[in-house]
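> Fold the stuff below for me.
(one chain, ligands or ions: 1)
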Amino acid sequence: MRDPIQETNYMLNDLVNRKENLFPGKIIDYQQEENKFHFYTNTDVILFVQVLNPKIIRFRYAADGNFPPDFSYARDPDFTPELPLLEFIAHPDFFQLSTDQVVCLIQKEGMHIRILDKAGNTIMDDEKGYHWEYDLHTGNNIVKMSKWVQSGEHYYGLGDKSCNMNLRGRRLQNWSSDTYGYSRNSDPLYKNVPFYIGLHQKIAYGIFFDNTFRTYFDFAHERSNVTSFWAHGEEMNYYFIYGPSLIEVSEQYAFLTGRPEMPPLWALGYQQCKWSYYPEQTFKAIASGFRERQIPCDALYLDIDYMDGFRCFTWNKEYFPDPQRMIRELAADGFKTVIIIDPGIKIDKNYWIYQEGCAQDYFCRRSDGPFMKGSVWPGLCHFPDYTHPEVRDWWANLFKELITVDGVRGVWNDMNEPAVFEQGTFPDDVRFNYDGQPCSHRKAHNIYGMQMARATYQGVKKFCYPNRPLVITRSAFSGTQRFSATWTGDNVASWDHLWMANIQCQRLSISGMSFVGSDIGGFIETPTGELYIRWLQLGIFHPFCRTHSSGDHGDQEPWSFGEEYTQLAKKFIELRYQLLPYIYTAFWQHITYGTPMLRPLPFLNQDDTESYHRMAEFGLGDNLLICPITQPEVDGRWLYVPSGTWYYYWDDAEVVGGKEVWANAKLDRIPLYVRAGAVLPFYPVMQYVGEIEITQLTLHVYFVQGSVSSVLYEDAGDGYDYEKGICSEKIFLVTGSNTGLSISQEVKGSYAPIYTTYNIVLHGLPFVLKTVEVDGVLITPEPNPESAAETEQRENKLPEILVSKDFEQINIQGIIPESAEPDALINPE
Ligand code: MIG
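Residues are numbered from 1 along each chain as shown. Have a look, this model is predicted:
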């Protein structure tokens with residue numbers, strides 16, 4: 001095997017491959033048209049600069065003096081550039097372009113770019129800057145960019161990479177690959193997200209290199225003072241995104257490349273998968289397995305064996321004689337059926353999809369004409385060219401029967417790197433339409449999976465309507481989040497992979513893809529009960545929560561590990577269901593503001609440089625901090641709690657952050673902290689979304705000295721009424737002092753939930769209740785028949801108050817118990 005890194009090592013001292021680096025010369029002229037600038041050099045190079053908003057500047061270089069059509073699969077068509085206020089000054093040696101956020105200096109000599117913030121801090125600074133090399137073999141330019149590493153700079157991002165969070169010191173590439181049983185240092189993996197975040201001097205910025213060729217990123221690996229990125233073709237075309245906070249960089253990037261729609265609420269429930277559940281009796285036995293044990297579950301998956309000889313859009317009638325009936329029966333018990341669809345279409349003269357694809361010329365062709373052939377599960381296949389709009393429409397329509405007749409509710413796209421058994425992926429000469437700009441596999445490879453997911457989404461959305469679609473994809477490019485959820489591929493049932501699942505999901509989340517999860521328990525090999533439970537404890541905090549495993553490695557249902565583990569699995573899956581309104585709200589924040597649902601520790605307080613060196617801890621939404629246990633046989637772990645006051649979820653012990661703490665966490669706990677002042681909305685435990693009518697919502701309110709606000713988003717949980725404004729945003733403001741606590745509620749929007757009351761559970765009060773006044777009326781707290789505390793196995797009963805869901809203001813007065821010594825306020829373990 002040739003080593004791709006060595007072979008394509010253009011930046012290293014690679015004498016065999018090295019041709020000649022070409023540089024842009026000197027700027028001698030420019031043109032401005034509102035927020036767009038063209039800079040012309042004494043060579044043929046043209047630099048195009050567009051200020052998209054006060055924080056985003058795009059740089060595009062034409063090496064040979066002309067720009068190809070401006071086209072991007074990654075960019076969200078709904079992203080609208082603004083016309084921000086600009087100041088432009090032409091100095092003798094450089095140009096100065098300022099927005100109200102940043103100053104961009106463009107050197108005439110060498111076209112070097114430097115960007116500063118308004119305080120004069122250099123944020124990003126070109127070293128060689130733009131340069132390139134002509135690739136005689138392909139006729140492409142290998143376009144390159146290099147920048148100085150800033151003092152103390154850390155690097156984050158790049159999608160699903162499985163290595164340490166901080167990318168400094170590494171060289172990584174994007175070339176989606178089917179990486180069965182990958183490891184911490186495997187690269188490339190399944191996804192291509194040419195986006196990174198730099199953080200130095202507590203200031204964050206992002207770089208999005210919108211190029212679909214094989215891309216490389218070198219973060220001070222080759223030279224310790226230089227970070228560079230390059231691609232095997234197309235243009236140097238990148239976006240600079242100013243934070244200054246990490247969160248804002250991720251948000252701006254999500255605006256640029258797009259956000260998903262709200263998923264159906266059930267898709268945030270627990271999902272169970274295996275390669276493969278068949279025949280029908282086995283599949284249904286899994287369903288009953290959940291209901292009999294009262295372990296909640298919303299979705300069951302059919303992997304490739306449901307098909308007839310792995311032919312997409314067919315059923316194996318021996319295993320599944322009447323899919324429509326089966327799916328209906330499962331649906332009656334609350335299960336949504338999700339099926340896998342791969343891109344390979346079996347070469348079979350009697351198979352109607354094969355016939356149609358050939359007749360309509362929908363399959364990818366080799367450069368000399370024949371349809372490309374490659375082996376996957378069905379044997380030799382042809383592969384649809386999803387970069388052709390007509391092919392996407394055709395593909396979308398193929399889902400009609402599966403969805404409208406059979407009742408399938410979601411589709412899972414696999415093998416779309418694209419993967420083939422022979423050489424791993426397509427040969428380089430394979431041709432693609434690329435939406436009217438024909439190209440080879442070199443350019444289309446990295447977006448193949450994305451365009452498949454896009455076509456699938458188009459169909460699933462169309463036929464599920466008025467319900468919301470669920471699509472999951474293994475391969476992705478920047479922007480795929482608009483269409484699909486994703487998982488981290490073929491991991492292994494090992495502690496190391498549990499560690500990776502945590503890092504990969506966080507990293508995907510800050511890279512625009514929040515709807516992520518891993519195969520809980522590991523895909524390859526069999527976890528011990530302990531590993532399964534530790535993994536599930538993490539998985540319930542990932543937006544996409546699914547157990548999946550490879551069948552020949554043993555059973556992996558929540559009850560496969562013995563009674564003790566079954567009960568633990570049940571407990572954590574139940575917690576997932578209780579947290580649904582909170583997770584749903586975090587999802588809504590993601591689609592509304594682009595905020596990543598999972599937030600690595602530095603994102604929680606980037607002023608705390610200590611947090612830059614840690615990566616296991618992460619936030620989910622605004623108010624939860626999680627840190628998985630990724631070692632066997634431990635009773636807890638050390639972790640770093642960010643500044644502020646937090647409560648240990650399991651016993652309400654108060655923790656002041658900004659330091660390391662020990663979390664007691666035997667196998668029945670995961671280290672989980674709630675921010676002081678939080679209002680955590682809880683559903684009652686249910687076996688699936690929609691099983692019961694929610695007649696009361698529990699609000700867990702955590703005492704704070706001072707004020708903290710929390711959000712709760714609600715809508716019907718499916719359908720599109722929310723896009724017409726039938727949804728609501730509730731803002732709770734909690735304000736506490738030594739002797740009292742007030743909670744106010746402000747409601748925006750018109751969604752009316754079924755429940756009429758809130759059960760408010762008060763955590764961490766430093767006093768006992770004296771009076772409670774709700775909207776000016778004194779009430780006496782009474783024992784609540786639907787007490788939320790019951791579900792939480794707490795030793796001490798917490799004060800609860802039952803109020804109308806329409807309350808506006810609650811004022812609680814307390815008295816400090818005379819016997820109280822400071823210690824007694826903390827609940828000792
Ligand atoms: O070559 O469909 O990552 O989740 O179960 C293996 C069978 C093909 C790989 C996916 C995995 C799925 C499996 N697929």
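> did I read that right, Ser509 in a helix?
Yes. Under DSSP: H, G, I helix; E, B strand; the rest coil, Ser509 falls within a helix.
> Quick one, grab the pLDDT at it.
Note for Ser509: predicted pLDDT of 98.
> any idea of the pLDDT on the nearest residue to it once chain neighbours are set aside?
Excluding the flanking residues, the one nearest Ser509 by C-beta to C-beta, 6 or more residues apart in numbering is Leu598, at 3.7 Å. C-betas here are computed from N, CA, C, even on glycine. Leu598 carries a pLDDT score of 98 in this model.
> Do I have it right that Leu598 meets Leu624?
No. Leu598 sits out of contact with Leu624 when judged by C-beta atoms under 8 Å, with a separation of 10.3 Å.
> of the two, who's got more company?
Leu598 (25 against 22; other C-beta atoms under 10 Å).
> For beta bridges, what are the partners of the more buried one?
Beta-bridge pairing of Leu598 under DSSP bridges involves Leu620.
> which other helices and strands contact the helix or strand hosting Gln506?
Under the criterion of DSSP states H and E, Gln506 resides in helix 495-510. In terms of contacts (3 or more C-beta pairs under 8 Å, 6 or more residues apart in numbering; DSSP states H and E), helix 495-510 is packed against strand 154-157, helix 246-257, strand 516-517, helix 529-539, strand 598-600.
> let's see it at 7 Å
strand 154-157, strand 516-517, helix 529-539, strand 598-600 (3 or more C-beta pairs under 7 Å, 6 or more residues apart in numbering; DSSP states H and E).
> Now do the buried residues in it.
495, 497-510 (16 or more other C-beta atoms under 10 Å).
> Nearest to the ligand: which residue in the stretch 651-800 of the chain?
Minimum separation of the stretch 651-800 of the chain from the ligand (C-beta to the nearest ligand atom) falls at Tyr688, amounting to 22.8 Å.
> Excluding chain neighbours, what is closest to that residue?
Gly334 is the one closest to Tyr688 (C-beta to C-beta, 6+ apart), at 3.4 Å.
> for the ligand, what are the nearby residues on the stretch 351-500 of the chain?
Asp414, Met415, Arg474, Gly489, Asp490 (C-beta under 6 Å from any ligand atom).
> how about stretch 426-445 as PDB, C-alpha atoms only?
The C-alpha trace of stretch 426-445 is given here as PDB (Å, rounded to 0.1, in the frame of the first residue of the first chain):
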ATOM      1  CA  PHE A 426     -14.200   5.000  -6.400                       C
ATOM      2  CA  PRO A 427     -11.300   5.300  -8.800                       C
ATOM      3  CA  ASP A 428     -10.200   8.900  -9.400                       C
ATOM      4  CA  ASP A 429     -11.300   9.000 -13.000                       C
ATOM      5  CA  VAL A 430     -15.000   8.500 -12.200                       C
ATOM      6  CA  ARG A 431     -17.200  11.400 -13.500                       C
ATOM      7  CA  PHE A 432     -19.800  13.400 -11.700                       C
ATOM      8  CA  ASN A 433     -22.200  16.000 -12.800                       C
ATOM      9  CA  TYR A 434     -21.500  18.300  -9.800                       C
ATOM     10  CA  ASP A 435     -24.600  20.300 -10.400                       C
ATOM     11  CA  GLY A 436     -23.700  21.200 -13.900                       C
ATOM     12  CA  GLN A 437     -19.900  21.500 -13.600                       C
ATOM     13  CA  PRO A 438     -18.700  18.100 -14.600                       C
ATOM     14  CA  CYS A 439     -15.700  16.800 -12.600                       C
ATOM     15  CA  SER A 440     -13.900  13.700 -11.500                       C
ATOM     16  CA  HIS A 441     -14.000  11.800  -8.300                       C
ATOM     17  CA  ARG A 442     -11.200  13.900  -6.900                       C
ATOM     18  CA  LYS A 443     -13.500  16.800  -6.600                       C
ATOM     19  CA  ALA A 444     -16.800  14.900  -5.800                       C
ATOM     20  CA  HIS A 445     -15.600  12.300  -3.400                       C
END
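> Flag every buried residue along that stretch.
Per 16+ other C-beta under 10 Å, stretch 426-445 contains these buried residues: 426, 430-434, 439-445.
> Likewise for stretch 308-322?
Residues Asp308, Phe310, Arg311, Cys312, Phe313, Thr314, Trp315, Asn316, Tyr319, Phe320 are the ones in stretch 308-322 that count as buried (16+ other C-beta under 10 Å).
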